[in-house]
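Engineer: what follows is a predicted structure for the sequence shown.
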Amino acid sequence: MASTLDFDDKAARHIDAIYSTPDIAATRVAVFRALNPSCGETALDLGCGPGYMLRDLAASVGATGQAIGVDISDPMLALAKHRCEGLPQVRLERADALTLPVPDASVDLACVMQVYAYVTELDAALAELRRVLKPGGRAIILDTDFAGVVWESRDRARMRRVMQAYDAHVAWPDLPRILPARLRKAGLTMARVEAVPVVTTHYHAHSYVHGIARFIHAFVVNHGITKDEADAWLAEFDALEAEGAFLFSVNRFMFTVGRG
């Protein structure tokens, strides 16, 4: 599988910290409610990352169910293993979105958060999701379109340059816009789409925007933005916070999907 994902130990710890913020916890609650897991079901967490959702799914399907976490990153799988310690219904597998380690029609529910934007072979990945879902099974796909970000900056031109450079970190920066057509092509039905916003007027260490700003900074320095410009971009947010002038908002789009 061709992917733009590459999480070493340091990056995995950074993502773990972002996922621990209240902003992302709220997103997980929205996804969890949409999944509506039940005791005895088989749940698949594709791109399970550090295991927050996987742990919750495992607790809900119980000892008679199974929660399967799949990721391509060994450091992420190590974090998930630690987080799900003591839950025998959890199975962790190193695999990608094109070769899921489960039989045909064996999964009651699948969770795919912030994964498909990174997968160049999107159509094949969606076909693989359809393969593993049971008839009547459901999946929640959640991804972000950063073109819709609202982020205060006194230098709007610089903000545009940085965000355009950041688009290169994914294969499909506009995934939510193109996903409906791709789902139909893969034989998946789309039952519902809703926006799950992240909105804040504060910039502090235990927030999604604080973590993602550092992730963006590290990426764009190596992708067309000078370090001086990236440093100035990042430093402005502390200044805006001090002035009470900070604002950030972005929509994450949640698709409820079934097997057609």
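Structural biologist: Received the coordinates, thanks. Just so it is clear, the model here is predicted, and its values are computed rather than measured.

Engineer: how close does residue 191 get to residue 29?
Structural biologist: 19 Å (C-beta to C-beta, to the nearest Å). C-beta here means a position set from N, CA and C on the backbone, and glycine is covered the same way.

Engineer: close enough to count as contact, residue 49 and residue 80?
Structural biologist: Yes - here residue 49 reaches residue 80: they are 7.0 Å apart, a contact under C-beta atoms under 8 Å.

Engineer: residue ranges for the helices of the stretch 101-250 of the chain, please.
Structural biologist: 122-132, 156-166, 175-185, 208-220, 227-243 (DSSP state H, counting those that start in this stretch).

Engineer: check which residues of the second one are buried.
Structural biologist: Judged by neighbour count (16 or more other C-beta atoms under 10 Å), helix 156-166 contains these buried residues: 158, 159, 161, 162, 163, 164, 165, 166.

Engineer: from residue 166, how far off is the first one?
Structural biologist: Plainly put, residue 158 is 13 Å away from residue 166 if you go by C-beta to C-beta.

Engineer: overlap in contacts, the two.
Structural biologist: Common neighbours of residue 158 and residue 166 are not found (criterion: C-beta atoms under 8 Å, 6 or more residues apart in numbering).

Engineer: still on that earlier bit, what's the overlap in contacts for residue 49 and residue 80?
Structural biologist: residue 71.

Engineer: just give the nearest non-adjacent residue to the residue most central in space within the chain, would you?
Structural biologist: With distances taken as C-alpha atoms, centre = their mean, residue 114 lies nearest the centre of the chain, 2.2 Å away. Of all residues not flanking residue 114 in the chain, residue 143 sits nearest, at 6.0 Å (C-beta to C-beta, 6 or more residues apart in numbering).

Engineer: tell me what that neighbour is bridged to.
Structural biologist: Beta-bridge partners for residue 143, by DSSP bridges, are residue 253.

Engineer: tell me which of the helices of the stretch 101-250 of the chain sits nearest to residue 108.
Structural biologist: helix 122-132 (10.3 Å; C-beta to C-beta).

Engineer: quick one: the closest one to helix 175-185, angle?
Structural biologist: Relative orientation of helix 122-132 and helix 175-185, computed by axes from the mean of the first three to the mean of the last three C-alpha atoms, to 10 degrees: 60 degrees.

Engineer: just checking, what packs against helix 122-132?
Structural biologist: strand 107-113, helix 175-185, strand 188-200 (3 or more C-beta pairs under 8 Å, 6 or more residues apart in numbering; DSSP states H and E).

Engineer: okay, the angle between the last one and helix 175-185?
Structural biologist: Here strand 188-200 runs at 170 degrees with respect to helix 175-185, directions being taken by the same axes, to 10 degrees.

Engineer: other SSEs contacting strand 188-200?
Structural biologist: helix 22-35, helix 122-132, strand 133-144, helix 175-185, helix 208-220, strand 248-259.
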